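>>> quick one: sequence plus predicted model below, questions after.
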Amino acid sequence: MPDATIHTAGAILEHLSAVLYRAELPNGKRILAHLSKHLADAGAVFEPGQRVVMELTPYDFEQARILSHADG
């Protein structure tokens, strides 16, 4: 059985490329985050300051997948 992923809200800090962003976790840690395939195919673009929902694996807290906008 694969290990469970970790979902968390975070904030976009910088747009680095078409699908790559620098983001900040709630604890202040800055990480690289890429768009999920669904968001990339939809042409989603996030601006600095926007809140997003991200998915991390329990093995790598340096990068994440952006899943959606955060509510509120």
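Yep, that arrived. For clarity, every value in this text was computed on a predicted model and none was experimentally measured.

>>> quick check: bridge partners of Leu32?
Arg22, Gln63 (DSSP bridges).

>>> count of neighbours near it?
12 (other C-beta atoms under 10 Å). Heads up, the C-betas are built off the backbone N, CA and C, glycines and all.

>>> same check, this time on the one 5 residues further on
Using other C-beta under 10 Å as the criterion, Lys37 is surrounded by 10 other residues.

>>> in stretch 34-47, what's buried?
Under the neighbour-count criterion of 16 or more other C-beta atoms under 10 Å, stretch 34-47 has His34, Leu35, Ser36, Leu39, Phe46 buried.

>>> these in helices, which ones?
Leu39 (DSSP state H).

>>> just put the buried residues of stretch 34-47 in a markdown table and tack on distance to Ile12.
Output for those, formatted as a markdown table (distance: C-beta to C-beta, whole Å):
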| residue | distance to Ile12 |
| --- | --- |
| His34 | 12 |
| Leu35 | 11 |
| Ser36 | 14 |
| Leu39 | 12 |
| Phe46 | 5 |
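
>>> just for the protein, where's the confidence low?
For the chain, the stretches flagged by pLDDT under 70 are 1-2, 72.

>>> so which residues of it form strands?
All strands of the chain, identified by DSSP state E, fall at 6-15, 20-24, 30-35, 51-57, 60-69.

>>> list the contacts for the nearest residue to Ala64 once chain neighbours are set aside?
Of all residues not flanking Ala64 in the chain, Met54 sits nearest, at 4.0 Å (C-beta to C-beta, 6 or more residues apart in numbering). Contacts for Met54 were tallied using C-beta atoms under 8 Å, 6 or more residues apart in numbering; they are His7, Thr8, Ala9, Gly10, Ala23, Leu25, Ala33, Ala64, Arg65, Ile66, Leu67.

>>> just checking, the last one touches Ala44?
No - using C-beta atoms under 8 Å, Leu67 is not in contact with Ala44; the gap is 10.6 Å.

>>> who touches both of these two?
With C-beta under 8 Å, 6+ apart, Leu67 and Ala44 have no common neighbours.

>>> Glu55: neighbouring residues, count only.
Other residues close to Glu55 by other C-beta under 10 Å number 14.
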